[in-house]
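Sharing a model that was predicted from the sequence below.
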There are 2 protein chains.
Amino acid sequence: MYKVKVYVTLKKSVLDPQGVAVKDAAVGMGYPEIDSVRIGKFMELMVEKSERDIHDVLNEMCDKLLTNPVMEDYRYEIEEEA
Amino acid sequence: MYKVKVYVTLKKSVLDPQGVAVKDAAVGMGYPEIDSVRIGKFMELMVEKSERDIHDVLNEMCDKLLTNPVMEDYRYEIEEEA
């Protein structure tokens, strides 16, 4: 069994209105230190071992299901094998 | 300026229907290796230096604005100071 952490971020060229809203809220709540906020997704997957290579499975799944490759980038870490 | 990465996850005792939906979709799309999925948030903040301690600012902001402390846990990494 693998424990996989997937980090999904908006590409730099894509506007992040949710992040702007959080940044404005932070400044309004008394945190003028906050300069910018970008919001992405963080997923923890438990993946069983199979005949297929774990990287093949993950890359294919990220491209097809977990992310929108037009607007988002992703990276993953395989954390433990037990 | 600090670059801060904040990871927000649902507490273990909280059901994650979005994660269950993604897991079911993955299995349906031909990835039976996927055992479970939990979905959280990942935020990248640029924070200016101020008189206040960066940890005080971040912990307060996470508790009040970025997370729901009843249902979510968070951790953060301060990545670089420039």
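Nice, I can see it.

Contact partners for residue A:65?
Listed by CB atoms under 8 Å, 6 or more residues apart in numbering or on different chains, the contact partners of residue A:65 are B:22, B:25, B:26, B:29, B:31. In this view, the C-beta of every residue, glycine as well, is placed from N, C-alpha and C.

what are the ranges of the strands in chain A?
Using DSSP state E, the strands found in chain A span residues A:2-10, A:34-47, A:72-81.

what's the closest of the ones you listed to residue B:11?
strand A:34-47 (12.8 Å; CB to CB).

one step back: quick one: closest of the strands of chain A to residue B:18.
Smallest distance to residue B:18 across these (CB to CB): 9.8 Å, for strand A:34-47.

what are the bridge partners for residue A:8, then?
residue A:41, residue A:74 (DSSP bridges).

For it, give its distance to residue B:29.
Distance from residue A:8 to residue B:29, counting by CB to CB, to the nearest Å: 17 Å.

Count the neighbours of the residue nearest to residue A:76 when sequence neighbours are not counted for me.
Distance criterion CB to CB, 6 or more residues apart in numbering or on different chains; nearest residue to residue A:76, sequence neighbours excluded, is residue A:6 at 4.6 Å. Neighbourhood size, residue A:6 [other CB atoms under 10 Å in any protein chain shown]: 21.

Run a quick check on residue A:6 versus residue A:63, I expect a contact.
No: if you go by CB atoms under 8 Å, residue A:6 and residue A:63 don't touch, sitting 11.8 Å apart.

Weed out the non-buried ones from the contacts of residue A:65.
B:22, B:25, B:26, B:31 (16 or more other CB atoms under 10 Å in any protein chain shown).

could the residues you listed go into CSV alongside distance to residue B:70 and pLDDT?
Formatted as CSV, the buried ones among the contacts of residue A:65 follow (distance: CB to CB, whole Å; pLDDT from 0 to 100):
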residue, distance to residue B:70, pLDDT
B:22, 23, 97
B:25, 28, 97
B:26, 29, 96
B:31, 33, 96
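
Now intersect those with the helices, please.
Of the positions in these, B:22, B:25, B:26 sit in helices, assigned by DSSP state H.

count of neighbours near residue A:36?
13.

need the contact list for the residue nearest to it when sequence neighbours are not counted.
Leaving aside its sequence neighbours, residue A:36 sits nearest to residue B:46 (CB to CB, 6+ apart; 4.5 Å). By CB under 8 Å, 6+ apart, the contact set of residue B:46 is A:34, A:35, A:36, A:37, B:1, B:2, B:3, B:4.
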